[in-house]
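Asker: Sequence and predicted structure, then a few things I'm wondering about:
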Amino acid sequence: MKFYNINIDTSTPVNQTVQMQQSATGLLNLNVTNGGKYIRNLTTKVYDGGVEVPSTEKGFKIGVGTEPKHVKVVAKSTPMESTKEVITSYTPFNRTIQVQLTRLVLPVGTYTQDEFLPLLS
């Protein structure tokens, strides 16, 4: 079984071609980035027609016949989310003021500054 690698940049999606051996089965390994940057919480799926191709630890197992085959790659990322919580309220000068702080729960890892920009709105 042969291994095939394909690099996909989601910032400029284009059709890509991989030359696979005919009448054989190969493993397609996907490297998906956005502008060359790592995508956190990425899920990729490959479809052959309307059927989802099962994935293995090393890639997607694709059987190739004698005719050209077109597969569809779907890559989705779950964005980080934040919630606002009321921490306290107090009444200076007969006016009630509530203080809210943004709470963000992050899994352990290394993050880039760009990943937090959507949370600042």
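Answerer: Everything's here; your move. Quantities reported herein were computed from a predicted structural model and do not represent experimental measurements.

Asker: Could you list every helix and strand that the helix or strand where Thr43 lies packs against?
Answerer: Assessed by DSSP states H and E, Thr43 sits inside strand 42-48. Packing contacts for strand 42-48, counted by 3 or more CB pairs under 8 Å, 6 or more residues apart in numbering; DSSP states H and E, involve strand 24-33, strand 51-53, strand 60-64, strand 71-77. Every residue, glycine included, has its C-beta placed from N, CA and C.

Asker: neighbouring contacts of the third one?
Answerer: Yep, that's strand 60-64 we're talking about. Residues outside strand 60-64 that contact it (CB atoms under 8 Å, 6 or more residues apart in numbering): 20-30, 46, 48, 53-55, 69, 71.

Asker: of these, buried ones?
Answerer: 20, 26-28, 30, 46, 53 (16 or more other CB atoms under 10 Å).

Asker: quick one: average pLDDT of stretch 19-28?
Answerer: Averaging pLDDT along stretch 19-28 gives 85.

Asker: May I have the distance across that stretch, first residue to last?
Answerer: End-to-end distance for stretch 19-28: 11 Å, by CA to CA, to the nearest Å.

Asker: repeat for stretch 45-65
Answerer: Start-to-end, stretch 45-65 (CA to CA) is 21 Å.

Asker: In CSV, list the helices and strands packed on strand 42-48 along with distance to Tyr90.
Answerer: Shown next, in CSV, are the helices and strands packed on strand 42-48 (distance: least, CB to CB, whole Å):
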stretch, distance to Tyr90
strand 24-33, 47
strand 51-53, 55
strand 60-64, 57
strand 71-77, 40
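
Asker: Out of those strands, which gets nearest to Gly109?
Answerer: Closest of those to Gly109 is strand 71-77, at 14.1 Å (criterion: CB to CB).

Asker: What pairs with that closest one, parallel or antiparallel?
Answerer: With DSSP bridges as the test, strand 71-77 is paired with strand 42-48 (antiparallel).
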